[in-house]
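>>> return atomic coordinates for the entry below.
(2 chains)
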Amino acid sequence: MKPRSSSSSQTATHSQTANDSQITAHAVSNQSVAQRRRGLVRLGLAWLAMMQVMMFALPGYLRPEAGGQDSLEVLDWAIFLMNWASLTLTIPVILYSAWPIWLGCARAWSARRITMDVPVGISMLAAFIPSVMATFKGSGEVYFDSITMFVAFLLTARYVEQRASLVDSGAFGLVKQASVTIPLSSGASARATRANLNVPLSGGASIEANLLSFSLPLLTQANRVATLFVLIQLTVAAVLSAFWWVIAPTQAWSVLVSLLVMSCPCALSLAAPVSLAALQVNLALDEPLSTNQHQALLERTVRITRQNLYGALAWHVLTMPLAAMGWVTPWLAALSMLLSSVAVLLNAWRLYRPRRAGLSRAVGVLTQNQHLQA
Amino acid sequence: MEILYLLLPLSLAIVAMIGAVLWWAVFSGQYDDAEQAGLSILHDDDHTVS
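Residues are numbered from 1 along each chain as shown, chains lettered A, B, ... in the order given. Modelled structure (predicted):
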């Protein structure tokens, strides 16, 4: 829905801002808008449920420190009620928010391939089913807080990745249509013609081919590392939890769930798409780059992608022994997953020049208005 | 502590309400374009020549 504008030249304003708000405006096709809305609702509901379930989970964490018999009885009764409330909130998260994950599992199953969704699905089930049983029985550990946290954090990472790949596909379109839409504003049109003159230097159509041949190896490398990682992690989780099952059966589930949550390679799967998206937004900006700068930018992208990939891998390898020792509770594992994803995002951010873009955009708009008044 | 029998369903109802409002807000397009409203003041066409 477009906000009402008092200006009579609504259409001109619209096409002007179409290239101003580069990141948002290219999502024009109805399908991608609907997809983004669904993603946003899934994400929002998961966060909402997560915060409530964490509150409901508090008595469960207090139980080990409970004092006398009386208070323990009251606490157990409260925990029983809270578990039911948590279960009520977790079901929509599992069924609605996590729906893309189940779809991904089904696709992986039919293609007989291991994807990132497989360990995620397994860990959700491994945490959910025992929790439901414990809720019905009225005793035992529940992991509803970990599940909702996991889904919320995972969807956050996915949402960012999705937006990044949308920018990926949109950036080329913007470069191509720039010459059509920009001349509306006098300030920007000067830059646009300069950019147009510069395009043949680096080759209009060959930019796309170049970028494609540049991105593909990086993406395949990232995918290969992530798949290998998932396979190893699943095996390790199975072996270690079997080991725990033998020596301390009460701890085994907690360890299994933590290990599986840790095995989620969100940060790995984010590594390449976010840095490539940053690169392409960078290239779509109106300031043209010299050949040297262009080359330097590409090298920087490769470097940052590698940093992201191997940094995330190192983080996982370092935290895995802690989980294997039983020191990392499932919710802590979910938090560590979020932290590594955020680190990857911040690292890719360094490639991005949003401030300069925002500044030149604002200057362009201002000069246009002055021009109109003169 | 019997108050929990009232408070827990109440909190669940409030969460459901917030969820429904979020649902409505997103699907009526409130989050589709967060930049446009802020920029609209710059695009305002206020020259008076007819």
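
>>> pull the contacting residues for the most centrally placed residue in chain B.
Computing the C-alpha centroid of chain B and ranking residues by Cα atoms, centre = their mean puts B:A25 first, at 4.7 Å. By Cβ atoms under 8 Å, 6 or more residues apart in numbering or on different chains, the residues touching B:A25 are B:Y31. Quick note: C-beta positions are derived from backbone N, CA and C, even for glycine.

>>> sec struct for it, please.
Assigned state for B:A25: helix (three-state reduction, DSSP: H, G, I helix; E, B strand; the rest coil).

>>> show me what from chain B comes close to chain A.
For chain B, the contact set with chain A under Cβ under 8 Å from any Cβ of the partner chain comprises B:1, B:4-5, B:8, B:11-12, B:15, B:18-19, B:22-23, B:26-37, B:39-40, B:42-47.

>>> by neighbour count, sort out the buried ones in the residues you listed.
B:8, B:11-12, B:15, B:19, B:22, B:26, B:32-33, B:35-36, B:39-40, B:42-43 (16 or more other Cβ atoms under 10 Å in any protein chain shown).

>>> do a quick rundown of the helices in chain A.
A:10-20, A:22-25, A:30-62, A:69-92, A:99-111, A:117-137, A:144-181, A:186-202, A:204-247, A:249-262, A:266-284, A:291-324, A:330-349, A:354-373 (DSSP state H).

>>> now those in TSV, with mean pLDDT and mean neighbour count?
Listed next are those as TSV, based on pLDDT from 0 to 100; neighbours: other Cβ atoms under 10 Å in any protein chain shown:
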stretch	mean pLDDT	mean neighbour count
helix A:10-20	43	18
helix A:22-25	45	19
helix A:30-62	87	18
helix A:69-92	88	17
helix A:99-111	90	14
helix A:117-137	86	19
helix A:144-181	66	21
helix A:186-202	37	15
helix A:204-247	76	15
helix A:249-262	79	23
helix A:266-284	75	25
helix A:291-324	82	17
helix A:330-349	82	21
helix A:354-373	55	15
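
>>> take those helices and write them to JSON lines, including distance to chain B.
Putting the helices of chain A into JSON lines (distance: least, Cβ to the nearest Cβ, whole Å) gives the following:
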{"stretch": "helix A:10-20", "distance to chain B": "5"}
{"stretch": "helix A:22-25", "distance to chain B": "5"}
{"stretch": "helix A:30-62", "distance to chain B": "5"}
{"stretch": "helix A:69-92", "distance to chain B": "5"}
{"stretch": "helix A:99-111", "distance to chain B": "15"}
{"stretch": "helix A:117-137", "distance to chain B": "14"}
{"stretch": "helix A:144-181", "distance to chain B": "12"}
{"stretch": "helix A:186-202", "distance to chain B": "12"}
{"stretch": "helix A:204-247", "distance to chain B": "26"}
{"stretch": "helix A:249-262", "distance to chain B": "24"}
{"stretch": "helix A:266-284", "distance to chain B": "15"}
{"stretch": "helix A:291-324", "distance to chain B": "25"}
{"stretch": "helix A:330-349", "distance to chain B": "18"}
{"stretch": "helix A:354-373", "distance to chain B": "5"}
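
>>> what ranges do the helices span in chain B?
Counting by DSSP H, the helices of chain B are B:4-27, B:36-43.

>>> wait, what's in contact with the residue nearest to A:L40 when sequence neighbours are not counted?
Spatial nearest neighbour of A:L40, chain neighbours left out: B:V26 (5.1 Å); criterion: Cβ to Cβ, 6 or more residues apart in numbering or on different chains. Taking Cβ under 8 Å, 6+ apart, we find B:V26 in contact with A:37, A:40-41, A:44.

>>> for the helices of chain B, which one sits closest to A:T88?
For those, the distance to A:T88 is smallest for helix B:4-27, at 6.0 Å, taking Cβ to Cβ.

>>> now that closest one and helix A:30-62, what's the angle there?
160 degrees (axes from the mean of the first three to the mean of the last three Cα atoms, to 10 degrees).

>>> what is the rounded mean pLDDT of helix B:4-27?
In this model, helix B:4-27 carries a mean pLDDT of 92.

>>> just the C-alphas of it, formatted as CSV.
What follows is helix B:4-27, C-alpha atoms only, in CSV (Å, rounded to 0.1, in the frame of the first residue of the first chain):
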residue,chain,number,x,y,z
LEU,B,4,-2.6,-18.8,37.8
TYR,B,5,-5.7,-20.5,36.4
LEU,B,6,-6.9,-17.0,35.4
LEU,B,7,-3.6,-15.4,34.5
LEU,B,8,-2.2,-18.1,32.2
PRO,B,9,-5.2,-18.3,29.9
LEU,B,10,-5.3,-14.5,30.0
SER,B,11,-1.6,-14.2,28.9
LEU,B,12,-2.2,-16.8,26.1
ALA,B,13,-5.2,-14.8,24.9
ILE,B,14,-3.2,-11.6,24.9
VAL,B,15,-0.4,-13.3,22.9
ALA,B,16,-3.0,-14.6,20.4
MET,B,17,-4.4,-11.0,20.1
ILE,B,18,-0.9,-9.5,19.5
GLY,B,19,-0.3,-12.2,16.9
ALA,B,20,-3.5,-11.5,15.1
VAL,B,21,-2.7,-7.8,15.0
LEU,B,22,0.7,-8.5,13.6
TRP,B,23,-0.9,-10.7,11.0
TRP,B,24,-3.3,-8.0,10.0
ALA,B,25,-0.6,-5.3,9.9
VAL,B,26,1.8,-7.3,7.7
PHE,B,27,-0.9,-8.6,5.3
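
>>> mind listing what the closest residue to B:G19 other than its chain neighbours touches?
Leaving aside its sequence neighbours, B:G19 sits nearest to A:L45 (Cβ to Cβ, 6+ apart; 5.5 Å). Going by Cβ under 8 Å, 6+ apart, A:L45 touches A:92-93, A:96-97, B:19, B:22-23.

>>> just give me the closest of the residues you listed to A:L335.
The shortest approach to A:L335 among the contacts of A:L45 belongs to A:V93, at 17.1 Å (Cβ to Cβ).
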